[in-house]
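**Student:** pasting the structure only:
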């Protein structure tokens, strides 16, 4: 039997720190949160705990092990909810049948009203122009001082720090179109309390779940129109596929499909070998089809420069 005919799965646990899960990591299958150091702010506490709340197939709960009693410092009934009483299990009498009682036939669910349409409100920022965001009933954002903020307050606060991250639209495009500088920008956002979970929340409140976060930042900072990832690919295809071989075009189409499905995370440098293995099953086969690794990396970077070209609105 050849090695390629052997299929197996490796199940393992990985221990890391919350800082290691800052940017470029979409970790949904986190089962245990262990608190072993003092936590100084409400926002840090909720970000750490929030890493366990992400949904994953087969994951119905996660466990918090708090060795520093952090929960006492950041007790928040509005966020935590009322404590639940453990279920009461009545002991069975000796000799009592252990056969479970038949469950009552379920009643048909009541006919409910259709869900309401997403309510949008307008936020006027310091440039004098308005941005539309969704009104969110539940508080999703926290200030650096641990104070809960409305989505409107959070967007105004974020708008105030964006000029410290990039001075104009061209600088944002240049930073975002390079995976190295994009990662640094995301790290700076994390330093001010905006991690992957907050990025997801921001895209939701501007009704841009299918957009690149670059377009969300461009919309908030410069009031540019929002484009979905699919629209961005379609509108820049001529630039992307100009002067490349058919083999390169086949690989780039594969990368762009992953990008449309998932987002900018597929364009990280760390994802390149994964994408090559997914497409060609081995790096050696990828090199045979596309050339040396350095050339493949250059093509991968150039793709991003063209993908984030400015889209002219007619």
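**Tutor:** Yep, it's here. Just so we're clear, the structure is a prediction, and the values are computed from it rather than from any experiment. Residues are numbered from 1 along each chain as shown.

**Student:** so for stretch 30-42, mean pLDDT?
**Tutor:** Per-residue pLDDT values across stretch 30-42 average out to 81.

**Student:** return the set of buried residues in it.
**Tutor:** The neighbour-count criterion (16 or more other CB atoms under 10 Å) identifies 30, 33, 35, 39, 41-42 as the buried residues of stretch 30-42. Where C-beta positions appear, they are placed from N, C-alpha and C, glycine not excepted.

**Student:** look up how far residue 302 lies from residue 47.
**Tutor:** Applying CB to CB, to the nearest Å, the value for residue 47 to residue 302 is 35 Å.

**Student:** which one of the two has more residues nearby?
**Tutor:** The residue with the greater number of neighbours, taking residue 47 and residue 302 and applying other CB atoms under 10 Å, is residue 47; the counts read 22 against 18.

**Student:** phi, psi of the closest residue to that one other than its chain neighbours?
**Tutor:** Excluding its sequence neighbours, the residue lying closest to residue 47 (CB to CB, 6 or more residues apart in numbering) is residue 195, at 5.7 Å. Phi and psi for residue 195, reported as degrees, to the nearest 10, are phi -100, psi -170.

**Student:** could you measure from residue 195 over to residue 283?
**Tutor:** In terms of CB to CB, residue 195 sits 31 Å off from residue 283.

**Student:** re the thing from before, could you measure the residue nearest to residue 47 against residue 224, distance?
**Tutor:** Separation of residue 195 from residue 224 (CB to CB): 24 Å.

**Student:** same question, residue 33
**Tutor:** Plainly put, residue 33 is 38 Å away from residue 224 if you go by CB to CB.

**Student:** what lies in contact with the helix or strand hosting residue 259?
**Tutor:** For residue 259, the element it lies in under DSSP states H and E is helix 246-262. Surrounding helix 246-262, the residues in contact under the criterion CB atoms under 8 Å, 6 or more residues apart in numbering are 26, 229-230, 233, 240-241, 244, 266-267, 275, 278-279, 286, 289-290, 296, 299-300, 303, 307.

**Student:** out of these, which end up buried?
**Tutor:** So, by 16+ other CB under 10 Å, the buried ones in the contacts of helix 246-262 are 229, 233, 240-241, 244, 266-267, 275, 279, 286, 289-290, 296, 299-300, 303, 307.
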